[in-house]
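Visitor: Below are the sequence and a predicted model for it; my questions follow.
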Amino acid sequence: MIYALRVTSGQEKILAEMLVKKSKAEKLNIYSVIYLDNIKGYLFVEADEENTVVKLTQKIKHVKGFLRKSMALAEIQNLIQMSSSQSVTTEPGDTVEMVSGPFKGERAKVIKIDEAKDEITVELVEVAVPIPVTVKTKMLRLFKKAGASDDDK
């Protein structure tokens, strides 16, 4: 059964990691802890029973409560699919285009990828002095792969 936890917005990823560590340390029957980028303020916990979720969330800062009614996997399946389809798959050397932020419309070359933080360090192409800038992957769109010629785009 899946339970929805209400948490402080912006703390979802950190709380998910904390809950996983606590469930392993206390040997609770927690099967998964899910956080979705497109749903702020909520985590989803898969567990056998409600009491296990209560034990898991006790004395954890930023957990505001949870919905007592469990949900079926089918109810959140489409949310999981929407979240996973949004990521950009890039490699160092690829050319990307900024889709938001102060450099919107600018093209940049990928230097480094930090998957843990969901960030990419890029170097702007059309500037006099190349400056490395670290941005979230959601702010980028793949323009050209590193090995592709100008005709392939």
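Guide: Done, it's in. Numbers count the residues shown, from 1 in each chain.
Visitor: Quick check: end-to-end length of stretch 31-51?
Guide: 14 Å (CA to CA, to the nearest Å).
Visitor: If you count neighbours, what's buried in it?
Guide: For stretch 31-51, burial by neighbour count (16 or more other CB atoms under 10 Å) applies to 33, 34, 35, 36, 37, 39, 42, 43, 44, 45, 46, 47. All C-beta atoms are positioned from the backbone trio N, CA, C, and that covers glycine.
Visitor: care to break this protein down by domain?
Guide: Using automatic domain parsing, the domains assigned to the chain come out as 2-84, 95-144.
Visitor: Would you map the helices across the protein?
Guide: Along the chain, counting by DSSP state H, helices occupy 12-25, 50-57, 73-84.
Visitor: residues touching the nearest residue to residue 112 once chain neighbours are set aside, list them.
Guide: Spatial nearest neighbour of residue 112, excluding adjacent residues (CB to CB, 6 or more residues apart in numbering): residue 121 at 4.1 Å. By CB atoms under 8 Å, 6 or more residues apart in numbering, the residues touching residue 121 are 110, 111, 112, 113, 114, 132, 133, 134.
Visitor: Is it possible to get JSON lines of those residues that adds neighbour count, distance to residue 74 and pLDDT?
Guide: Converted to JSON lines, those look like this (neighbours: other CB atoms under 10 Å; distance: CB to CB, whole Å; pLDDT from 0 to 100):
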{"residue": "110", "neighbour count": "20", "distance to residue 74": "37", "pLDDT": "93"}
{"residue": "111", "neighbour count": "15", "distance to residue 74": "41", "pLDDT": "94"}
{"residue": "112", "neighbour count": "12", "distance to residue 74": "39", "pLDDT": "93"}
{"residue": "113", "neighbour count": "19", "distance to residue 74": "33", "pLDDT": "90"}
{"residue": "114", "neighbour count": "11", "distance to residue 74": "34", "pLDDT": "87"}
{"residue": "132", "neighbour count": "12", "distance to residue 74": "44", "pLDDT": "92"}
{"residue": "133", "neighbour count": "18", "distance to residue 74": "41", "pLDDT": "92"}
{"residue": "134", "neighbour count": "12", "distance to residue 74": "38", "pLDDT": "92"}
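Visitor: Any chance of the residues you listed in CSV with distance to residue 146 as columns?
Guide: Converted to CSV, the contacts of residue 121 look like this (distance: CB to CB, whole Å):
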residue, distance to residue 146
110, 8
111, 12
112, 14
113, 13
114, 18
132, 17
133, 19
134, 19
